[in-house]
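Chemist: This is a predicted model, with the sequence first.
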Amino acid sequence: MTRHRPRAAWLSLALGLALVACSSAGTTSGGTGGGARLPAHWVRFRHLPGVVDLAGPASDGSFTVAAAGRLFRLSQPGSLRPFARGPGGYTTAIGPEPYLTRPAAGQVAGTRCSFPPGAIFAIQPSKPPGVIMISASGQARRFASVAATLMPDGITADTTGRFGHALLVTARNATGTTVLAITCTGGVRTITAHAPHLEGGVSVAPASFGRYGGDLIGPDESTGQVYAIAPDGRVSLLIQSRLPHGGDIGVESTGFVPPGFSAAGSAYLADRFSRGNKHPGTDSILRLPGAELTRAGVRPGDLLIATEGSAQTIDVRCATACTVRYLAIGLAISHAEGHIVFSR
């Protein structure tokens, strides 16, 4: 997350090709799988000024992209077209980070409502804080409001049902992070008001992710730690990333490799320009080819986590225990933001 204030001290990028060691309980370091050459590399895929996040894919394989206070549709071949423009469309302030999510369509179990098919939800960090819904036809409206004392800085959708298939929003408070669940009717409830500092591309773990299956996964860039938040608000340390950490440097983006992912797919990540930053960014959508991921032994259900500075990326796999491997890196100037998303 970009904060326009003095930066933490620069930490060396010299991770080499070493595997990441982890100190959290039940966590080990793992091999590369098949002797793959490391690291893989994020490459510039499409220039887009102000790009900050991606959501999807939709049923047609396209992604919704937030950039410079507007939305776009990105096809897998790389073409961009404006989305949600005109009367009733979407626009927001340039500068804050209006991260996106796309929940699954269909009736929510135990309710009489559903999230509209194709709808995108974006946090509104500036006052009045809340969540904006953008329909598949491009019409935008306020979906939910949160307390004026909070600043939303992360959003994802509960895909397993452990949180009631709600939208999950992280919001900065005076001492740390409040985690909110927002139902398909727009109702807001607090999961916990005492989580550590979390921000950026939060995600919900699939059921296959060991004892953390169904938990909300969130990174803390200032410490390099990654946390799991259970539906009852209990917070666990998932891993210590051992990547460079600090403001505008540390772990920022997460994404779970989807079922059916193969060498034909790719991972995508926003690389936002930030003037005066030690990692100024390229104003591009980055791509990590699926062939490189599969050669490195990445499997569906794995968690990828990237740092804000240079998009240094690890692969986390949890079963009985969790393993962590150093996987990929971007350009030294990259300034990663938001979620890691995948085409299939």
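Modeler: Everything's here; your move.
Chemist: number of nearby residues for residue 60?
Modeler: Using other Cβ atoms under 10 Å, residue 60 has 10 other residues around it. Bear in mind the C-beta positions are built from the backbone N, C-alpha and C, glycine included.
Chemist: next one: residue 264
Modeler: When counting by other Cβ under 10 Å, one arrives at 12 neighbours for residue 264.
Chemist: OK, contacts around it?
Modeler: 290, 344 (Cβ atoms under 8 Å, 6 or more residues apart in numbering).
Chemist: So for it, what's the pLDDT?
Modeler: Looking at residue 264, its pLDDT is 96.
Chemist: ok, now residue 85?
Modeler: 97.
Chemist: what's near enough to touch residue 302?
Modeler: For residue 302, the contacting residues are 256, 257, 315, 316, 317, by Cβ under 8 Å, 6+ apart.
Chemist: ugh, wrong one, I meant residue 305
Modeler: With contact taken as Cβ under 8 Å, 6+ apart, residue 305 is in contact with 219, 226, 241, 251, 253, 254, 313, 314, 316.
Chemist: Which helix or strand contains the first one?
Modeler: Residue 219 belongs to strand 216-220 when assigned by DSSP states H and E.
Chemist: Outside of that strand itself, list whatever touches it.
Modeler: By Cβ under 8 Å, 6+ apart, strand 216-220 touches 154, 156, 163, 168, 170, 177, 179, 191, 195-205, 225-229, 238, 241, 250-254, 303, 305.
Chemist: Check which residues of it are buried.
Modeler: Neighbour counts over strand 216-220 (16 or more other Cβ atoms under 10 Å) mark 216, 217, 218, 219, 220 as buried.
Chemist: repeat for stretch 286-305
Modeler: For stretch 286-305, a neighbour-count test (16+ other Cβ under 10 Å) marks 286-290, 292-298, 301-305 as buried.
Chemist: partners of residue 67 in the sheet?
Modeler: When assigned by DSSP bridges, residue 67 has beta-bridge partners residue 51, residue 70.
Chemist: Looking at it now. What's its pLDDT?
Modeler: Looking at residue 67, its pLDDT stands at 98.
Chemist: Tell me the spacing between residue 205 and residue 263.
Modeler: Applying Cβ to Cβ, to the nearest Å, the value for residue 205 to residue 263 is 24 Å.
Chemist: quick one: which of the two has more around it?
Modeler: residue 205 (25 against 12).
Chemist: Next up, the contacts around the more buried one.
Modeler: Contacts of residue 205 (Cβ under 8 Å, 6+ apart): 160, 212, 213, 214, 215, 216, 217, 228, 256, 303, 318.
Chemist: which among those gets closest to residue 81?
Modeler: Checking the contacts of residue 205 against residue 81 with Cβ to Cβ, the nearest one is residue 256 at 27.5 Å.
Chemist: The closest one: neighbouring residues, count only.
Modeler: If we define neighbours as other Cβ under 10 Å, then residue 256 has 23 of them.
Chemist: okay, and for this protein, where does confidence drop off?
Modeler: Counting by pLDDT under 70, the low-confidence segments of the chain come to 1-38, 106-111.
Chemist: next SSE after the strand holding residue 219?
Modeler: strand 225-229.
Chemist: For whichever helix or strand comes after that following strand, list every residue counted as buried.
Modeler: From strand 225-229 onward toward the C-terminus, using DSSP H and E, the following helix or strand is strand 235-240. Under the neighbour-count criterion of 16+ other Cβ under 10 Å, strand 235-240 has 235, 237, 238, 239, 240 buried.
Chemist: Cross-check the contact I'm expecting between the second one and residue 229.
Modeler: The one in question is residue 237. No - contact between residue 237 and residue 229 fails when scored by Cβ atoms under 8 Å: they sit 11.1 Å apart.
Chemist: so how far is stretch 152-162 from its chain's centroid?
Modeler: 10 Å (Cα atoms, centre = their mean, to the nearest Å).
Chemist: ends of it, how far apart?
Modeler: From its first residue to its last, stretch 152-162 covers 22 Å (Cα to Cα, to the nearest Å).
Chemist: Give the buried residues for it.
Modeler: Buried residues in stretch 152-162, counted by 16+ other Cβ under 10 Å: 152, 153, 154, 155, 156, 157, 158, 159, 160, 162.
Chemist: between the contacts of residue 302, which has the most around it?
Modeler: Top of the contacts of residue 302 by neighbour count (other Cβ under 10 Å): residue 316, with 27 neighbours.
Chemist: Identify the bridge partners of that residue.
Modeler: With DSSP bridges as the criterion, residue 316 is bridged to residue 303, residue 324.
Chemist: any idea where the helices of the stretch 151-300 of the chain begin and end?
Modeler: Using DSSP state H, counting those that start in this stretch, the helices of the stretch 151-300 of the chain run over 290-295.
Chemist: where do the strands sit along it?
Modeler: 151-157, 167-172, 177-182, 188-195, 203-204, 216-220, 225-229, 235-240, 251-256, 266-271, 284-289 (DSSP state E, counting those that start in this stretch).
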